[in-house]
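1. Sequence and predicted structure are below.
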Amino acid sequence: MDFDLTEEQRLLKDSVDRLLADRYDFDQRRSYQKAEEGWSREIWAQYAELGLLGLPFTEEQGGFGGGPVETMIVMEAFGRALALEPYLATVVLGGGALRHGGSAEQQARFIPAIVEGSHTLALAHTERQSRYDLFDVATTARRDGSAYVLDGEKGVVLQGDSADTILVTARTAGSRRDKDGIGLFLVDAKAAGLSRRGYPTQDGMRAAEISLQGVTVGPESVIGDPEGALPLVERIVDEGMAALCAEAVGAMHEMHALTVDYLKTRKQFGVTIGSFQVLQHRAVEMFVMLEQARSMAMLATMMVEEPDAAERARAIAAAKVQIGRSGRFVGQQAVQLHGGVGVTMEYKVGHYFKRATMIDTQFGDADHHLGRVAEAGSLIAA
Amino acid sequence: MDLRFTPEENAFREEVRAFFRNALPETIRHKMIMGHHPSKDDLVTWSRILNAKGWAVPHWPVEHGGTGWSPVQQYIFRDELQQAPAPEPLAFGVSMVGPVIYTFGSEEQKRRFLPRIANLDDWWCQGFSEPGSGSDLASLKTTAKRDGDTYVINGQKTWTTLAQHADWIFCLARTDMAAKKQEGISFILIDMKTPGITVRPIQTIDGGLEVNEVFFDDVRVPVENLVGQENKGWDYAKFLLGNERVGIARIGISKARLKRIRELASLERIGEVPLIQTPRFREKLAAVEIELKALEMTQLRVVAAESRRERGKPDPASSILKIKGSEIQQATTELLLEVVGPYALPYQEEPDEGWNEPPIGPDWAGAAAPTYFNWRKISIYGGSNEIQKNIIAKAILGL
């Protein structure tokens, strides 16, 4: 039982924090957002230089051999900065698919380019009807000789408008809600028959609707078992959720810090409003929710490498419930305690609120995961 | 960062669990599972079993009978004790006055009292709260006037838990009437057999007789029963209350209760469907389990940080443990009440030894409502949750 960071992890944290402190204040962020892709290539290159883009890959793969704790450190820092870059999509989700399911050839083809910052990925798993069910896949992948022909519509693909390669879940067998018969395919974003409609998201990032019409991909594009990729998808989404939990904690931490600062400086009735007990108690309730979320983000991080997939899924789902609930409470109260300025575009706190709110809708909200935890039986170890 | 328990810590958990399985008398275990109160004899029996094993006061310094366990081991021990479920050793002795005596008391006091606390030879109770002094404890009015070699105590204490069994009471009393309110208070140990002490029970809403009023009418106490220095009692009281918060999350108790609720919700049926299978109940239960899991991780963060902190300086984050711990314990009593359904209604005395009357309804139903009513106290005692929020606002947030 040890909650301390190692020396290397502390150095990682310091260098990420320093980079973001220098290069990612609120105005700088706004300027990055204005780029066509909605994020900064220059900052992305700096992430590459710091080694962040190679963090979870092994040294043989050209990476730095970091684990879930390293990802947690980076994502929490990104949450505090409201970073816009496609780290989750490229390194955590896309990288996760390659690490856990990719062939040696696929790893050699993609990982070095990811690590140096020249290639980005996006995971296209959601469809209009699927909501949060990863197995609900209507998009088809029809076998054609050794190739596959993909047809279907993918929605809300995070950073899908700028990604170079899209990882697409598609059905190779069975019917729409079967758990078997799902494949995961690497699809070149410029492939014939693939069209995308990019758009900004509520929280200032980017996503895309992606249409696949007779998109042909070769056998080298199949990640893992073409009829049995669901466990892989579940695994990478669990990792993605653990990373999102850390990002949410970063955002909540900042919201709480901004709120406490505001309570100490804003004066009304001739006193700082932090002298009012009703506001003190609200700030404490935010703190309790933040710390409970932090605890569960740590649990999720630890459970990423749990070999028992059901145990892993249950713990990470539980963390997502806590993150969703804490995020909503901390976000709403941060806005409330800031008063009018909390609902303006020009002030930071509302942007954190929006990010925390949208994190709840990614990969399943608190109710969705509460249902999963409830179905899985007791969370309390005997 | 590695949040798993080490193999040694897991082995320790097994050892502790095996001991509780074998050493806890079945009659006591049964009462605990049923949500009934262990008797005075039960607690004495159990404390002596623990003491014989050397585990009555594991958190004390080794020279006074502690085990020298790491904070993580202490946590595991408490967790397993609560999940056994076994009664916790009497907190007024082992967690409250004991640490005050070994930290601030005289050598004579240590020799005289500490071994008897560990063996529950002396039953202690706490004389802090007064009718006019609850959250504002420092406003207390009980006086201790020096008269030669004795203090003469006059005043009234209240909410004195289990004073009806007590041999001794540790009291805060005012020794300097002119000083500012925190500065004139002393910490005094009083033999409950001293003439002039009257104990009057206060019945709580569950029908239980746990708390009392204690009246002091010219009670003469030898000056050697003063702990530490005169007029420094407030410091000792703050130290004591800080210690009190450390174990207050009572996570093991909530674990045991949630396990029990899950069992009972499998027995209760709505038509043919066990309650546990109904989505609404199952999700309510899961929601509490998630909160408890989060609190357990928070507790472990506090425990891990404890090993690096100065002894006797409680982490202000332990206030979180009090707030969430009490909310979760209370939530478990609500769930149990819901599981029991209509048979929560009959009022039944707790069965005593040799009680032969059959229970009304299922035998586990009787304690559901009383426990729910009684456990409202948890967010009130030990510094109400509102006081805990004041503490966090000041000590952590700087408001």
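-> Cool, got the structure. Numbering: from 1, shown residues only, chains lettered A, B, ... in the order given.

2. What residues of stretch A:43-60 count as buried?
-> A:Ile43, A:Trp44, A:Gln46, A:Tyr47, A:Ala48, A:Leu50, A:Leu52, A:Leu53, A:Gly54, A:Leu55, A:Pro56, A:Phe57 (16 or more other C-beta atoms under 10 Å in any protein chain shown). From N, CA and C alone the C-beta is placed, and that goes for glycine too.

3. How about the closest residue to chain B within the stretch 101-250 of chain A, nearest residue that isn't a chain neighbour?
-> Closest approach between the stretch 101-250 of chain A and chain B, counting by C-beta to the nearest C-beta: A:Cys245, at 11.4 Å. When the adjacent residues along the chain are set aside, A:Cys245 lies closest to A:Ala297, with 4.0 Å between them (C-beta to C-beta, 6 or more residues apart in numbering or on different chains).

4. How many residues are close by that neighbour?
-> Around A:Ala297 there are 31 other residues, counting by other C-beta atoms under 10 Å in any protein chain shown.

5. Now for it: which residues touch it?
-> Listed by C-beta atoms under 8 Å, 6 or more residues apart in numbering or on different chains, the contact set of A:Ala297 reads A:Met72, A:Glu76, A:Ala242, A:Cys245, A:Ala246, A:Ala248, A:Val249, A:Ala319, A:Ile323.

6. Please repeat the previous calculation with a cut-off of 10 Å.
-> A:72, A:75-76, A:79, A:242-250, A:252, A:319-320, A:322-323, A:326, B:294, B:297 (C-beta atoms under 10 Å, 6 or more residues apart in numbering or on different chains).

7. same check, this time on B:Pro359
-> Here B:Pro359 is in contact with B:Met34, B:Tyr343, B:Pro346, B:Gln348, B:Pro351, B:Ala365, B:Gly366 (criterion: C-beta under 10 Å, 6+ apart).

8. rerun at 8 Å
-> Neighbouring residues of B:Pro359 by C-beta under 8 Å, 6+ apart: B:Gln348, B:Pro351, B:Ala365, B:Gly366.

9. Local confidence estimate at residue 24?
-> Reading this off chain A. The model reports A:Tyr24 with a pLDDT of 98.

10. hm, I was asking about chain B
-> Per the predicted model, pLDDT is 98 at B:Leu24.

11. same question, the one 4 residues further on
-> pLDDT recorded at B:Ile28 is 96.

12. Correct me if wrong: B:Tyr335 contacts B:Ala286.
-> For the record, residue B:335 is Leu, not Tyr. No: B:Leu335 sits out of contact with B:Ala286 when judged by C-beta atoms under 8 Å, with a separation of 11.0 Å.

13. Could you check stretch B:162-180 and say which residues are buried?
-> For stretch B:162-180, by 16+ other C-beta under 10 Å, it's B:162-166, B:168-175.

14. A strand includes A:Leu167, no?
-> Yes: counting by DSSP: H, G, I helix; E, B strand; the rest coil, A:Leu167 is located in a strand.

15. which residues of chain B score low on pLDDT?
-> B:244-246, B:309-316, B:353-355 (pLDDT under 70).

16. returning to what we had before: can you tell me which of the buried residues of stretch A:43-60 are up against chain B?
-> Among the buried residues of stretch A:43-60, none lies close to chain B by the criterion of C-beta under 8 Å from any C-beta of the partner chain.

17. Which of those residues lies at the shortest distance from B:Val227?
-> A:Leu55 (55.6 Å; C-beta to C-beta).

18. Check whether that closest one really touches A:Gln61, as I assumed.
-> No: shown here, A:Leu55 and A:Gln61 do not form a contact pair, counting by C-beta under 8 Å, at 11.4 Å.

19. which SS class is A:Leu186?
-> Assigned by three-state DSSP, the conformation of A:Leu186 is strand.

20. Could you give the bridge partners of it?
-> Using DSSP bridges, the bridge partners assigned to A:Leu186 are A:Leu167.

21. how many other residues sit next to it?
-> Neighbours of A:Leu186 under the rule other C-beta under 10 Å: 22.

22. and the residue lying closest to B:Lys181 once chain neighbours are set aside, backbone torsions?
-> By the measure of C-beta to C-beta, 6+ apart, the closest residue to B:Lys181 outside its immediate chain neighbours is B:Ala138, 4.7 Å from it. Dihedral angles of B:Ala138 (phi, psi; degrees, to the nearest 10) stand at phi -70, psi -10.

23. what does the longest strand anywhere in chain B rub up against?
-> Ordering each strand of chain B by length in residues (DSSP state E) puts strand B:211-222 first. For strand B:211-222, contacts defined as C-beta under 8 Å, 6+ apart pick out B:125, B:127, B:142, B:144, B:147, B:149-161, B:163-164, B:169, B:188-191, B:194-202, B:204.

24. For A:His281, which non-adjacent residue is spatially closest?
-> Here the residue nearest A:His281, using C-beta to C-beta, 6+ apart, is B:Lys389, at 4.6 Å.

25. which other helices and strands contact the host helix or strand of the one you found?
-> Assigned by DSSP states H and E, B:Lys389 belongs to helix B:385-395. Packing partners of helix B:385-395 (3 or more C-beta pairs under 8 Å, 6 or more residues apart in numbering or on different chains; DSSP states H and E): helix A:277-303, helix B:318-340.

26. Please name whichever of these is nearest to B:Gly65.
-> Closest among the helices and strands packed on helix B:385-395, using C-beta to C-beta: helix B:318-340, at 24.0 Å.

27. Please write out the alpha-carbon positions of the closest one in PDB.
-> The C-alpha trace of helix B:318-340 is given here as PDB (Å, rounded to 0.1, in the frame of the first residue of the first chain):
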ATOM      1  CA  SER B 318      -9.700  12.800   8.800                       C
ATOM      2  CA  SER B 319     -12.700  15.200   9.100                       C
ATOM      3  CA  ILE B 320     -13.800  13.900   5.600                       C
ATOM      4  CA  LEU B 321     -13.800  10.400   7.100                       C
ATOM      5  CA  LYS B 322     -16.100  11.500   9.800                       C
ATOM      6  CA  ILE B 323     -18.500  13.200   7.400                       C
ATOM      7  CA  LYS B 324     -18.700  10.600   4.700                       C
ATOM      8  CA  GLY B 325     -18.300   7.700   7.200                       C
ATOM      9  CA  SER B 326     -21.300   8.800   9.200                       C
ATOM     10  CA  GLU B 327     -23.400   9.500   6.100                       C
ATOM     11  CA  ILE B 328     -22.600   6.000   4.800                       C
ATOM     12  CA  GLN B 329     -23.300   4.300   8.100                       C
ATOM     13  CA  GLN B 330     -26.700   6.100   8.200                       C
ATOM     14  CA  ALA B 331     -27.400   5.100   4.600                       C
ATOM     15  CA  THR B 332     -26.900   1.400   5.500                       C
ATOM     16  CA  THR B 333     -29.500   1.800   8.300                       C
ATOM     17  CA  GLU B 334     -32.000   3.200   5.800                       C
ATOM     18  CA  LEU B 335     -31.300   0.300   3.400                       C
ATOM     19  CA  LEU B 336     -31.900  -2.200   6.200                       C
ATOM     20  CA  LEU B 337     -35.100  -0.500   7.200                       C
ATOM     21  CA  GLU B 338     -36.200  -0.800   3.600                       C
ATOM     22  CA  VAL B 339     -35.300  -4.500   3.400                       C
ATOM     23  CA  VAL B 340     -37.300  -5.300   6.500                       C
END
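
28. Good, wrapping up.
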